[in-house]
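Undergrad: Let me see the structure of the following:
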Amino acid sequence: MEQTEKLLISIENVLRIANELVNEMADLHIMKEDYIRLKEQLFLNQFTQAGRKVFEFALDQCSVRETAKILHRKEETIKKIRGKILRKLEVSSMKAAIELYEKLTYSCTPTFSFFNDGTGQERMRFS
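TA: Below is the predicted model of the structure:
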């Protein structure tokens, strides 16, 4: 009977640890989503409010004409705003601007490691 009880306690411990790991993975996934969202916001914050709107429509594959119609602006105005975006990003096309946005926001995900900060507790480090 003692062997069976020890085995059950061991199984319970393994299940508890597995559950904790699942919860930690869920937390890390949420942190990664937050990280990506913050990088998106940081990227878009370099533009004026009008520039952000125009760029967001470009991300949705809207043409100059479609963007102008939606925003109730002239096509020339949208072209000027797009030109400012391209100059700021130092790219030659909206396609290149979108590729840069995707590269900077989605491919650069955080890596982390554990380190001891001197307090005896392990902490997570993002790089």
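
Undergrad: from here on, contacts and neighbour counts on C-alpha atoms
TA: OK.

Undergrad: average pLDDT across the host helix or strand of residue 10?
TA: When elements are assigned from DSSP states H and E, residue 10 belongs to helix 2-44. For helix 2-44, mean pLDDT rounds to 86.

Undergrad: which helices and strands does that helix pack with?
TA: When contacts are defined as 3 or more CA pairs under 8 Å, 6 or more residues apart in numbering; DSSP states H and E, helix 2-44 sits against helix 94-106.

Undergrad: So which elements touch the helix it packs on?
TA: Using 3+ CA pairs under 8 Å, 6+ apart: helix 94-106 touches helix 2-44, helix 49-59, helix 75-89.

Undergrad: Can you list the buried residues in that helix?
TA: 94, 97, 98, 101, 105 (16 or more other CA atoms under 10 Å).

Undergrad: Find the residue closest to the residue nearest the centre of the chain in space, skipping its chain neighbours.
TA: In the chain, the centroid-proximal residue (CA atoms, centre = their mean) is residue 36; its distance is 1.0 Å. Using CA to CA, 6 or more residues apart in numbering and skipping the chain neighbours, the partner closest in space to residue 36 is residue 105 (5.8 Å).

Undergrad: Give the burial count for the closest residue to residue 94 other than its chain neighbours, as a bare number.
TA: Computed as CA to CA, 6+ apart, the closest residue to residue 94 that is not its neighbour in sequence is residue 86, at 6.9 Å. Using other CA atoms under 10 Å, residue 86 has 17 other residues around it.

Undergrad: Quick check, residue 86 in contact with residue 95.
TA: No: counting by CA atoms under 8 Å, residue 86 sits too far from residue 95 to count as a contact (9.9 Å).

Undergrad: All good on my end, thank you.
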